[in-house]
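# Predicted model and sequence below, questions to follow.
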4 protein chains.
Amino acid sequence: MPADYASILADIAERVKQRDFQTARNADYIPALAAVPGDRFAMVIRDVNGAEYSTGDADIPFSIQSVSKVFALVLALRSCGEELWQAVRREPSGSAFNSLILLEQEEGIPRNPFINAGAIRVCDMISSRFANPDRSVAEFLGRLSGNPDIRADNDVYLSEDQHGNRNRAIAYLMKSFEKLDNPVEAVVRTYFKQCAIAMSAREMARATLFLANQGIGIDGNMVLSPAETRRINALMLTCGMYDGVGDFAFSVGIPAKSGVGGAIIGVIPGEFSVCVWSPRLDARGNSAAGIAALEMLIEAIGRSVF
Amino acid sequence: MPADYASILADIAERVKQRDFQTARNADYIPALAAVPGDRFAMVIRDVNGAEYSTGDADIPFSIQSVSKVFALVLALRSCGEELWQAVRREPSGSAFNSLILLEQEEGIPRNPFINAGAIRVCDMISSRFANPDRSVAEFLGRLSGNPDIRADNDVYLSEDQHGNRNRAIAYLMKSFEKLDNPVEAVVRTYFKQCAIAMSAREMARATLFLANQGIGIDGNMVLSPAETRRINALMLTCGMYDGVGDFAFSVGIPAKSGVGGAIIGVIPGEFSVCVWSPRLDARGNSAAGIAALEMLIEAIGRSVF
Amino acid sequence: MPADYASILADIAERVKQRDFQTARNADYIPALAAVPGDRFAMVIRDVNGAEYSTGDADIPFSIQSVSKVFALVLALRSCGEELWQAVRREPSGSAFNSLILLEQEEGIPRNPFINAGAIRVCDMISSRFANPDRSVAEFLGRLSGNPDIRADNDVYLSEDQHGNRNRAIAYLMKSFEKLDNPVEAVVRTYFKQCAIAMSAREMARATLFLANQGIGIDGNMVLSPAETRRINALMLTCGMYDGVGDFAFSVGIPAKSGVGGAIIGVIPGEFSVCVWSPRLDARGNSAAGIAALEMLIEAIGRSVF
Amino acid sequence: MPADYASILADIAERVKQRDFQTARNADYIPALAAVPGDRFAMVIRDVNGAEYSTGDADIPFSIQSVSKVFALVLALRSCGEELWQAVRREPSGSAFNSLILLEQEEGIPRNPFINAGAIRVCDMISSRFANPDRSVAEFLGRLSGNPDIRADNDVYLSEDQHGNRNRAIAYLMKSFEKLDNPVEAVVRTYFKQCAIAMSAREMARATLFLANQGIGIDGNMVLSPAETRRINALMLTCGMYDGVGDFAFSVGIPAKSGVGGAIIGVIPGEFSVCVWSPRLDARGNSAAGIAALEMLIEAIGRSVF
């Protein structure tokens, strides 16, 4: 018997509203993220049969930030194939998402595609293969979500660019190891553009569906093969939640990717994709209400991937 | 329709025999492990309905080594409950299983229970709670596997003890941070004893079944609750394969734990437990033939947890 | 014209008395160090012509702690010669005196003989070459200072032993790299014994004189060759003041070695040795009043080694 | 009786010629350094009384590279005073000159002014205080050496710029911690320009004299106060020789600074300045023949600062 997702979501929204996430804070390194009302909350489930369930601010766009790393990776994989894994490894880093320490020790080869170094390297590959690299991830998300109007928010992009020196340091360090093919400024521009993409939770749940559906997107087209789809899910589970990967696998137990805009996407393979969004972040940079909501969902349906 | 595990296993055994794992080597830090014939191979599947499938040297005992860490953790959890997670974290370490670097930086709190520091701290908890800590993990494995005669191999134990200075360094470092309750020598003795336990692949697949069966062991008794069982599986997936966690999740995609004796245990929740054993190790300390065999299994059945 | 050391010392003592070292604290990891009155102060200069100048508590014994590392090194060097430098390097560590991080990265070879790992390795060499290693450094200091009664304080030794787990971790880590010849417990006992030696500032200034006098001790005997003496001074300057080496060279500018008992020894080669003692330590573990007094001394005489 | 420096230098030149520095290599990261004949050798002593002694290629200009860091520091100190030490620390780093690891851990504050991060921060200060920062160090060296024509070699500068991504990574990392006042490209340009300055060993010995002469330059003007001069010497001794600081202090024992162009400057305070140049580098990036020559010099005169 399928779960009654509609009432589960309604219940979660109610319980989240009653909980206090006072110690959690919006990301504040750029004004556009700091300015979002902290009590926004949205949760959308899209199941593999096409049904969609939502609660809260499901159609308000937010800055997808690091959630974009999943889709940039998929886009690059479709273009580069296995060769991509010569350039980026697939191991948890055990350290902060923007650290240069391992990157120096491991001579410019990023640990995985979801830390900044890895995502920048993925942008570098996209830069080499697409005519308009700065728009390619947005256009890909447009196709996946069914909304061709998806694009980067220019104010957010300009802020990212202005506060992007850590990412430039990462890119120049890779460049110094001759591990970046394109000019640093071009690559980080592509990276900042993809981080600045604005989407709603509904659009995001739709765009994520293929990861729950053996690689088939909402329009019935194959985005990735089933085997490649499983691999992306594996990567999200081992590397997707900053340095809270282990705790999230432990307490929720599904492949997921978070962003500092407050979004988390996740899947139960064979069943559904989910996007939850609430801008206040815990100490690790994951949406506090988002993690709580996913824990409630897993508890309600009584299963995870484990 | 259930997979035909018998013929899948036969086919895997045949293909493994034809492959060359020449660069792989037995662990050689102690003579007892170096002496095992390198071409031994066993694979046993136990499904949640009680059926068992095996191939190769399924009844030859081997040294379980780090595979014991899973069962020591479960034993400690049953006794300590959630309090255990005050003492040991649940995050991938991103570094070698026997490194002291993170342990010093994080002031004696181990990253997870499957690196040596974490496993030693788990032994410390067992030492505080069991009358015969040195035998408690063996006895627990005896109950789980249905063979009460399971115990540590004394020669292996003596060798572990003799080559155990790195583990003593780890234990004294925790002790210096006041993060170890019992005397170092007592705790490492318990640890060396559990590493030295000898079991066959068949016994190991049986002992592991509860992790595939919502916590229910082969005798029908509950070993852990379903929620706790999912958590152990999550920990194995994020931390169980030394510094090859990400690659293993990527290429195989099931919760698993390996040991330098050449064993790997794994589960597909709701379906089966599996134990594969072959003593030659790859550069990361995981059984080379074992990983290849698990990849073949996942390919044959067309699914992982992802 | 020689400086008027007597009046310089009197002036320093007066100025130190008026200064406030409130944020500085006695070492408190063992009771015997915590219990010493915090306002004790002694300073003794011994010049190469045999004249001696002192102020304050110059004849009250204190725990020499890490100052012993200089004399243990000299004793080992006299016995092993250049071979010693195969086992211990001569570079500043850039990290804490008791850190295991570099020691693991550099596979058990200590950075220099004045961090704990290096000093323990020196004790290991002494253990291999002297009949009574636990007494050998005390006896050596007895000869150098002219007081044959110098020995370890047994209470301090017992406390060191009890709080010595970090040093045991260091020793076991070296042992695991096969970089320690003798049993860990024997080596750390020798180490704890030498740290527990009690001496007065006067005795210490006398024992240190050979480092200012081209290797000639107070009794006219050669302790080290002139070239070897210069090398020990170089080591003290680059590695003698914990992680305050650079600041001390910058603000004082003489070869020196400090201990958490509050003593600092130093030399101006060709001129004099000095010992200052005051138990309250700054954040880096160096005597706060001791460093201030040495700065005043250098300012008063208008020269350092630079 | 003063040493007969003329015959000492002649003897050193002869002995260096007979020694084999085959494993040593020119720096090859830029063509202009790789192209210098590897057997070039020059050594110049300038004493505090104005006498000058030289041997070899004493008037052939070379790329001063990191030797410039000393003079940039002195220039910045004269302008900023003690405030400079709020921005740059004075401790040996214990790690490679171009590492970002400590810089990240210590949040953008460089360990000392002689690692690249520290030198770049010094350039940043120069950029804020001088009208023509890119020329200011060259002009300063022109005044100190008495040759107003000293300037950067443009080919070397262009090469530095082209291979300067590691330094850009360092600068952007400091920028991300808000520890760099000026734009990254402007600061690294100033830095590359100073590294590319070309001077002869004779000019360099002259420019260095003030460090041996209580701050008084060859023209009799005060460059730094005696106390500040001692401090620069202290910094060179503890931080001047890349990660060979301890070994150099041990085997030579004078304040010195090396560059990958093959130059080493040094002083015996109160006596003389010395510049030795030979382009082949040892594994640590110091001139192999240069270190050997300085060891011979110290042995010949029988004293160091120790």
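Perfect, thanks for sending it. Treat the numbers as computed from the prediction; the structure is a model and nothing was measured.
# C-alpha only now, for contacts and for neighbours.
OK.
# separation between the spatially closest residue to residue A:28 that is not a sequence neighbour and residue A:260?
Excluding its sequence neighbours, the residue lying closest to residue A:28 (C-alpha to C-alpha, 6 or more residues apart in numbering or on different chains) is residue A:34, at 4.6 Å. The gap separating residue A:34 from residue A:260 is 11 Å, by C-alpha to C-alpha, to the nearest Å.
# Could you check which of those two is surrounded by more residues?
When neighbours are counted by other C-alpha atoms under 10 Å in any protein chain shown, residue A:260 comes out ahead of the other of residue A:34 and residue A:260, with 25 against 16.
# Looks like that one contacts residue A:288 (just checking).
No. Residue A:260 sits out of contact with residue A:288 when judged by C-alpha atoms under 8 Å, with a separation of 10.8 Å.
# Between those two, which contacts overlap?
Common neighbours of residue A:260 and residue A:288, using C-alpha atoms under 8 Å, 6 or more residues apart in numbering or on different chains, are residue A:281.
# how about the residue positioned nearest the centre of chain A, secondary structure?
With distances taken as C-alpha atoms, centre = their mean, residue A:67 lies nearest the centre of chain A, 1.6 Å away. Three-state call for residue A:67 (DSSP: H, G, I helix; E, B strand; the rest coil): helix.
# Grab the nearest non-local neighbour of it.
Per C-alpha to C-alpha, 6+ apart, closest to residue A:67 is residue A:259, 5.1 Å.
# What about residue A:115, how many residues nearby?
24.
# Contact partners for it?
The contact partners of residue A:115, taken as C-alpha under 8 Å, 6+ apart, are A:97, A:98, A:242.
# show me which of those neighbour chain C.
Among these, proximity to chain C is found for none (C-alpha under 8 Å from any C-alpha of the partner chain).
# Just among those, which is most surrounded?
Using other C-alpha under 10 Å as the neighbour criterion, residue A:242 leads the contacts of residue A:115 with 25 neighbours.
# tell me the contacts of that one?
So residue A:242 contacts A:96, A:97, A:115, A:258, A:284, A:285, A:286 (C-alpha under 8 Å, 6+ apart).
# hmm, try it at 10 Å
Contact analysis of residue A:242 by C-alpha atoms under 10 Å, 6 or more residues apart in numbering or on different chains lists A:66, A:92-98, A:114-115, A:248, A:257-259, A:284-286.
# Same check on residue A:197?
Applying C-alpha under 10 Å, 6+ apart, the residues contacting residue A:197 are A:61-65, A:67-68, A:135, A:137-138, A:141, A:150-154, A:156-157.
# Which ones among those residues lie within helices?
A:68, A:135, A:137, A:138, A:141, A:154, A:156, A:157 (DSSP state H).
# Can I have the buried ones of the residues you listed as a ChimeraX selection?
Command for ChimeraX that selects the buried part of the ones in helices among the contacts of residue A:197, burial taken from 16 or more other C-alpha atoms under 10 Å in any protein chain shown:
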select /A:68,135,137,138,141,156,157
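# Out of the ones in helices among the contacts of residue A:197, which comes closest to chain C?
Of all these, chain C sits closest to residue A:68, with 36.1 Å by C-alpha to the nearest C-alpha.
# Could you tell me how many residues sit around the residue of the stretch 1-150 of chain A found nearest chain D?
Nearest residue of the stretch 1-150 of chain A to chain D: residue A:101, at 5.1 Å (C-alpha to the nearest C-alpha). Here the number of neighbours of residue A:101 (other C-alpha under 10 Å) works out to 19.
# Report pLDDT for it.
Looking at residue A:101, its pLDDT stands at 92.
# same deal with residue A:2?
So, for residue A:2, pLDDT stands at 61.
# again with residue A:173
97.
# okay but residue A:58 is in contact with residue A:9, surely?
No. Residue A:58 is not in contact with residue A:9 according to C-alpha atoms under 10 Å; the separation is 11.8 Å.
# Tell me which residue of the stretch 151-300 of chain A lies closest to chain D.
For the stretch 151-300 of chain A, C-alpha to the nearest C-alpha, closest residue to chain D: residue A:169, 4.0 Å.
# For that residue, report the pLDDT, please.
97.
# Count residues in the vicinity of the residue nearest to it when sequence neighbours are not counted, would you?
Sequence neighbours aside, residue D:169 is the residue nearest to residue A:169 in space, at 4.0 Å (criterion: C-alpha to C-alpha, 6+ apart). If you count neighbours by other C-alpha under 10 Å, residue D:169 ends up with 28.
# could you list every residue that touches residue A:193?
Taking C-alpha under 10 Å, 6+ apart, we find residue A:193 in contact with A:65, A:68, A:133-138, A:151-154, A:156-158, A:160-161, A:187.
# What residues sit buried inside the helix or strand harbouring it?
Assigned by DSSP states H and E, residue A:193 belongs to helix A:184-195. Neighbour counts over helix A:184-195 (16+ other C-alpha under 10 Å) mark A:184, A:187, A:188, A:189, A:190, A:191, A:192, A:193, A:194, A:195 as buried.
# Next: stretch A:220-232.
Neighbour-count burial for stretch A:220-232 [16+ other C-alpha under 10 Å]: A:223, A:224, A:226, A:227, A:228, A:229, A:230, A:231, A:232.
# Pull the most distant pair out of those.
Within these, two members stand farthest from each other by C-alpha to C-alpha: A:223 and A:231, at 13.3 Å.
# Any regions of chain A where pLDDT drops low?
A:1-2 (pLDDT under 70).
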